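Chemist: here are the coordinates; sequence isn't available:
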């Protein structure tokens, strides 16, 4: 338990698995009432937290649908009275291929979730936080938000844009006691990555070849960064894109 988070309300989108689930678990374990949101309702994940003695609820939401996002934030406010912390983590990746081969449909869908989804969530989170006098928001970018990566033009463009959106919104609302930051994960050992490594054990060395730390990150290490960004120890950290990538981006 973390004294700061007791009685607080947190939202994590894209929380059915991987980084999002680790962050939702961390918020709940710290003492926050935690809403786990995903395009498919993460009921089982929330129930596991409740069974372990934490406060959690599941919510089904497509973040690319602005009316669905508005309804979600309104539901949180009506149910719990406030929203203190939010991690806008929901995202998708396009198939890996050169930029000119990415279809219009793939580009539009990536932008709709990875950029417009963050925009939608931030808008209504900010509206609620203005009503209550403050809060903290973290947007999930990527190490790709400060670098390039072959075959991922649409995804990388969105992750760069998330950092620009974060920085500008932070300026807009810094005086309103709303802090807005981004977290930029590197190569993280999520369940999806574990399955890839199980099928292709040689892939691990390829993935970590350019990571000075010599290993992949853990979802819990991203969760630690997110909780710090939303907590009182980061009270003067605003508009920052925090790289958690084992020094990959500066290698």
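Modeler: Cool, the structure landed. Only a predicted model underlies this, so the values are computations on that prediction, with no experimental measurement involved. Residues are numbered from 1 along each chain as shown.
Chemist: over to the closest residue to residue 227 other than its chain neighbours. Which of the three states is it?
Modeler: Setting aside the residues directly before and after it, residue 227 is nearest to residue 26 in space (CB to CB, 6 or more residues apart in numbering), at 5.5 Å. Yep, even glycine has a C-beta here, placed from its N, CA and C like the rest. The three-state assignment at residue 26 reads helix, by DSSP: H, G, I helix; E, B strand; the rest coil.
Chemist: which residues of the stretch 51-200 of the chain fall in strands?
Modeler: When assigned using DSSP state E, counting those that start in this stretch, the strands of the stretch 51-200 of the chain occupy the ranges 56-60, 85-88, 135-140, 178-185.
Chemist: one step back: surely the residue nearest to residue 227 meets residue 225?
Modeler: No: counting by CB atoms under 8 Å, residue 26 stays clear of residue 225, with 10.0 Å between them.
Chemist: for the residue nearest to residue 227, give me its contacts.
Modeler: Residue 26 makes contacts with 220, 223, 224, 226, 227, as judged by CB atoms under 8 Å, 6 or more residues apart in numbering.
Chemist: and it, how far is that from residue 91?
Modeler: Noted for residue 26: a distance of 19 Å to residue 91, by CB to CB, to the nearest Å.
Chemist: what's the answer for residue 38, then?
Modeler: Between residue 38 and residue 91 the computed distance is 11 Å (CB to CB).
Chemist: what do those two both touch?
Modeler: Joint contacts of residue 38 and residue 91 (CB under 8 Å, 6+ apart) are residue 14.
Chemist: about what we covered before: next step: the contacts of residue 26 restricted to helices.
Modeler: Residues of those located in helices (DSSP state H): 220, 223, 224, 226, 227.
Chemist: residues in contact with the most centrally placed residue in the chain?
Modeler: Geometric centre of the chain, nearest residue: residue 89, 2.4 Å, by CA atoms, centre = their mean. With contacts defined as CB under 8 Å, 6+ apart, the neighbours of residue 89 are 12, 13, 14, 15, 19, 20, 23, 140.
Chemist: so which of these wins on neighbours?
Modeler: Most neighbours among the contacts of residue 89, by other CB atoms under 10 Å: residue 12, with 34 neighbours.
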